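> Provide a 3D model corresponding to the input given below.
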Amino acid sequence: MTKYISLFTLLIFSALHGFSQCVSTEKELIINIIPDNYPSEITWDIVDLSNANIIASGGPIGSTLCLDSTTCFKFTIYDSANDGICCSYGIGSYTLNYAGTIIQSGGSYGSSESKTINCLPIDSTNLPLVKINTNGQTINDNIRIVADMEIIYNGPNVINHYFDPANNYNNKISIEKRGSSSQMFPKKSYSLETQDALGNNNNVSLIDMPVENDWVLYAPYSDKSLMRNVLTYELGRKMMKYAPRTQFCEVVLNEEYIGIYVLTEKIKRDNDRVDISKLDADDLAGDSLTGGYIVKIDKTTGGSNIGWVSPYAPPNDPTEQIDFIYHYPKESDIQPAQKNYIETYITDFENALNGPNFEDPIIGYTPFIKDKSFIDFFILNELSKNVDGYRISSYLYKDKESKGGKLKMGPLWDFNIAFGNSNYCEGEITTGWQKDFNDICQHANMVPFWWNRLLQDTTFANKLKCRWEDKRTGPLHLDSIVHQIDSFALYLDQAQQRNFTTWNILGTYIWPNSYIGNTYQDEINYLKGWISFRLNWLDNNMPGTCPPPPPPAPVGIEDYKTISNISIYPNPTNDRLHINLPNNYFSKLKIEILDAKGVIVYNHLVLVNSAKTSISVNELKNGFYTLKLTSNKVNEFFKFIKSD
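Model (predicted):
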């Protein structure tokens with residue numbers, strides 16, 4: 001302790017003489033605290049990180065002391081009520097002045113907030129390195145500040161050093177805290193926008209992701225695998241039209257290492273994100289009015305307001321409601337006619353789905369939605385048994401009628417307490433359905449009636465079964481998922497050690513953990529084991545029936561695609577089946593389609609006077625079919641697959 005001056009002596013001397021008596025190898029630290037209305041809840045300490053000894057501590061009045069300039073210390077301020085010192089119960093604050101410079105200030109910090117002193121944040125990493133400097137400002141919630149950001153990224157599998165040039169990004173950002181329940185954690189997530197020096201949007205590619213300006217720095221904390229979101233979005237990109245791209249990185253904030261983060265694409269209308277039509281303020285009629293839109297079923301935290309309320313209360317809880325929130329256009333930008341259009345469209349879908357003829361492909365729900373997107377959304381929420389699934393952070397989007405125009409589910413968002421990482425509402429159990437959440441829990445946000453109703457439609461259920469069986473041989477095969485998890489874990493091996501040194505939470509309950517591993521490998525093993533059991537249960541319980549393979553070819557048919565120079569395409573098909581005929585073909589043509597059991601499911605007689613005709617197979621269930629063409633008593637047979 002010889003390198004520390006007695007705190008009592010220093011305080012007496014400073015009070016008498018008004019200046020620091022630190023020796024040449026020391027620097028003065030002034031801790032100034034303005035308490036809120038509950039000063040007894042405030043404490044602080046300073047730890048020598050070379051030996052983990054507490055070298056000074058105190059309460060709500062602050063202090064002044066001398067610190068050895070060659071030793072790495074960590075200052076932490078605490079609030080025993082977990083609500084910081086600003087601003088719920090008084091306007092409190094604190095500042096740290098080290099060697100004449102304010103190095104930290106704040107007040108709204110929840111349970112605790114830390115600042116390292118005299119420490120090199122990180123020497124090197126195999127992950128991209130993000131460095132943010134707020135220039136003495138505090139990052140707030142919902143009020144952005146302008147800061148500087150550097151990204152060091154020397155390429156895949158190349159080490160990045162702290163003092164390497166900022167070769168991936170070196171410019172301004174606007175930044176704010178993000179998240180709802182996660183804001184109680186000391187490791188904060190942030191939303192940021194890349195800007196130029198004049199404050200304009202700066203569309204750039206960050207860490208090999210497509211050019212944009214809106215990003216999220218997600219802070220995995222209660223998810224001690226560090227990868228649940230990344231894994232989900234990876235699976236989503238293999239199945240759905242779009243899921244957010246991600247990059248693991250390590251972050252240094254104001255020269256303090258704050259751990260592993262995930263740089264993530266923010267959900268946004270963009271050619272490389274949610275690729276739908278731009279909707280301008282003057283798009284108020286005709287096809288222009290019909291898209292594009294992004295809405296979500298979500299909580300109203302984070303400054304969002306309810307756009308409209310579904311006319312259908314959630315099953316089993318008529319006192320609750322399903323809230324829709326405008327995402328694109330923003331609530332401040334969307335016009336009344338546009339609000340009316342998207343609300344009416346989704347309400348019409350709900351009416352059709354709730355109606356007595358909901359299974360009818362013409363007057364039921366089918367014309368309103370792209371069922372494949374609903375199926376994939378269902379599969380990934382059920383695979384992960386996402387306790388927030390269907391009821392929070394559930395996005396939908398719609399393009400113009402001229403571009404397909406049907407309502408689609410997605411993109412996926414926020415799966416950090418999925419895959420068994422929740423100890424409430426049976427989120428940890430590998431059996432049962434998340435769609436039945438309302439039967440299990442009474443909650444402020446409930447699951448809409450859609451999902452159980454959709455599964456009452458045998459066509460939807462059978463498509464779901466076929467999709468599940470198909471993807472279980474590919475991206476949802478257990479070996480494929482385990483390989484992806486192991487690859488992430490290997491990539492994070494060195495970085496996770498630094499992360500959990502900074503955030504010493506392994507072996508500790510963090511809301512809402514259902515499992516508490518003592519090591520990082522324990523967390524990884526739990527994740528893999530949980531998924532294995534979940535896949536097995538879903539294999540045995542997934543509703544629907546997928547048609548068996550087609551029967552053997554009719555006797556005498558040797559070549560299904562070249563007889564009489566007739567061919568069909570595309571095969572497989574999801575919408576229309578085109579039939580190419582000889583150039584001089586002119587005759588009546590009987591077209592029949594037989595399902596895998598030999599039952600005729602399509603029968604039509606056409607007069608053909610061109611070299612090509614086509615038929616719609618959009619309403620057929622997924623599976624194997626035989627196309628039978630009859631002309632002048634000559635039969636031709638072709639096998640094809642209908643698949644969304």
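
> any idea which residue sits dead centre in this structure?
The centroid of the chain falls nearest to residue 413 when counting by Cα atoms, centre = their mean (2.8 Å).

> Where does that one sit, in terms of helix or strand?
Using DSSP states H and E, residue 413 maps to neither a helix nor a strand.

> residues of the host helix or strand of residue 577 that come out buried?
Assigning secondary structure by DSSP H and E places residue 577 in strand 576-580. The neighbour-count check on strand 576-580 (16 or more other Cβ atoms under 10 Å) flags 577, 579-580 as buried. (Each C-beta comes from the backbone N, C-alpha and C, glycine too.)

> Which neighbours in the sheet does that strand have, and how are they oriented?
The strands that strand 576-580 pairs with in its sheet are strand 567-569 (antiparallel), strand 612-616 (antiparallel) (by DSSP bridges).

> and after it, which helix or strand comes next?
Following strand 576-580 in sequence, per DSSP H and E, is strand 587-594.

> what's the closest of the strands paired with strand 576-580 to residue 502?
Among the strands paired with strand 576-580, strand 567-569 comes nearest to residue 502, with 57.4 Å by Cβ to Cβ.

> which residues make contact with that closest one from outside it?
Outside strand 567-569, the residues that touch it by Cβ atoms under 8 Å, 6 or more residues apart in numbering are 561, 577-580, 627, 638, 640.

> how many other residues sit next to residue 319?
8 (other Cβ atoms under 10 Å).

> Can you show me the strands along the stretch 251-400 of the chain?
Ranges of strands in the stretch 251-400 of the chain, per DSSP state E, counting those that start in this stretch, are 256-265, 293-297, 308-309, 323-328, 394-398.

> The last one packs against which elements?
Looking back up the chat, that one is strand 394-398. Judged by 3 or more Cβ pairs under 8 Å, 6 or more residues apart in numbering; DSSP states H and E, the packing partners of strand 394-398 are strand 293-297, helix 336-354, strand 407-409.

> what is the mean pLDDT for the last one?
Model confidence over strand 407-409, given as mean pLDDT, is 98.

> what does the second one give?
Over the span of helix 336-354, the pLDDT mean works out to 98.

> which helices and strands sit right next to it?
strand 293-297, strand 323-328, strand 394-398, strand 407-409, helix 450-455.

> in the last one, what counts as buried?
Taking 16+ other Cβ under 10 Å as the neighbour-count basis, helix 450-455 is seen to contain the buried residues 450-451, 453-455.

> Tabulate these (CSV), appending distance to residue 154.
Formatted as CSV, these follow (distance: Cβ to Cβ, whole Å):
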residue, distance to residue 154
450, 47
451, 46
453, 52
454, 48
455, 49
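
> need those in JSON lines with pLDDT, can you?
Output for the buried residues of helix 450-455, formatted as JSON lines (pLDDT from 0 to 100):
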{"residue": "450", "pLDDT": "98"}
{"residue": "451", "pLDDT": "98"}
{"residue": "453", "pLDDT": "98"}
{"residue": "454", "pLDDT": "98"}
{"residue": "455", "pLDDT": "98"}
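
> Which of the residues you listed sits closest to residue 615?
Closest to residue 615, out of all of the buried residues of helix 450-455 and judged by Cβ to Cβ, is residue 454, at 26.6 Å.

> which residues sit in contact with that closest one?
Residue 454 makes contact with 353, 365, 374, 378, 460-461, according to Cβ under 8 Å, 6+ apart.

> so how far is the first residue of stretch 211-231 from its last?
Criterion Cα to Cα, to the nearest Å; first-to-last residue distance in stretch 211-231 is 22 Å.

> my bad, should have said stretch 617-636
First-to-last distance for stretch 617-636 - Cα to Cα - comes to 19 Å.

> Helices of this protein, residue ranges please.
For the chain, helices defined by DSSP state H occupy the ranges 7-17, 228-239, 336-354, 371-383, 437-440, 450-455, 458-472, 478-491, 493-502, 520-541.

> what sits up against the fifth one?
Under the contact criterion Cβ under 8 Å, 6+ apart, helix 437-440 has outside partners 314-317, 387, 389-391, 425-426, 432, 443, 446-447.

> Need the buried ones from these selected in ChimeraX.
One line in ChimeraX is enough to select the buried ones among the contacts of helix 437-440; burial here means 16+ other Cβ under 10 Å:
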select :314,315,316,387,389,390,391,425,426,432,443,446,447
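
> Just list the residues touching the closest residue to residue 515 other than its chain neighbours, thanks.
What sits nearest to residue 515 in space, not counting adjacent residues and going by Cβ to Cβ, 6 or more residues apart in numbering, is residue 526, at 4.9 Å. Residues in contact with residue 526, defined by Cβ under 8 Å, 6+ apart, are 225, 420, 515, 517.

> on that earlier part again, need the helices of the chain in CSV with distance to residue 148, can you?
As requested, the helices of the chain are arranged in CSV below (distance: least, Cβ to Cβ, whole Å):
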stretch, distance to residue 148
helix 7-17, 34
helix 228-239, 27
helix 336-354, 38
helix 371-383, 37
helix 437-440, 43
helix 450-455, 46
helix 458-472, 44
helix 478-491, 28
helix 493-502, 22
helix 520-541, 32
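
> residues contacting residue 589?
605-608, 613, 629-631.

> Would you mind checking the residues you listed for buried ones?
608, 613, 629, 631.

> now those residues in CSV, with distance to residue 139?
Shown next, in CSV, are those (distance: Cβ to Cβ, whole Å):
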residue, distance to residue 139
608, 68
613, 63
629, 68
631, 73
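
> which two in these are spaced the farthest apart?
Longest span within the buried ones among the contacts of residue 589, Cβ to Cβ: 613 and 631, 11.7 Å.

> about what we covered before: any chance of the contacts of residue 526 in TSV, plus pLDDT and neighbour count?
Shown next, in TSV, are the contacts of residue 526 (pLDDT from 0 to 100; neighbours: other Cβ atoms under 10 Å):
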residue	pLDDT	neighbour count
225	98	25
420	98	24
515	98	17
517	98	17
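
> out of those residues, who's nearest residue 297?
For these, the nearest to residue 297 is residue 420 (23.3 Å; Cβ to Cβ).

> Spit out the contact partners of the closest one.
With contact taken as Cβ under 8 Å, 6+ apart, residue 420 is in contact with 385, 427-428, 430, 514-515, 526-527, 530, 534.

> go with 6 Å
Residue 420 is in contact with 428, 514, 530, counting by Cβ atoms under 6 Å, 6 or more residues apart in numbering.

> now, which of these sits nearest residue 84?
Residue 84 lies nearest to residue 514 out of those, by Cβ to Cβ, at 28.1 Å.

> Would you confirm that that closest one contacts residue 425?
No. Using Cβ atoms under 6 Å, residue 514 is not in contact with residue 425, being 10.9 Å away.

> how is this structure carved up into domains?
The chain breaks down into these domains under automatic domain parsing: 7-117, 124-265, 563-642.

> Which residue is the nearest non-sequential neighbour of residue 244?
Using Cβ to Cβ, 6+ apart, the closest residue to residue 244 is residue 265 (4.3 Å).

> Quick check: chain neighbours aside, which residue is closest to residue 402?
For residue 402, the spatially nearest residue (Cβ to Cβ, 6+ apart) is residue 287, at 5.0 Å.

> what comes up buried for stretch 565-585?
566, 568, 571, 573, 577, 579-581, 585.

> farthest pair in these?
Farthest apart among those by Cβ to Cβ are 573 and 585. That separation is 21.3 Å.
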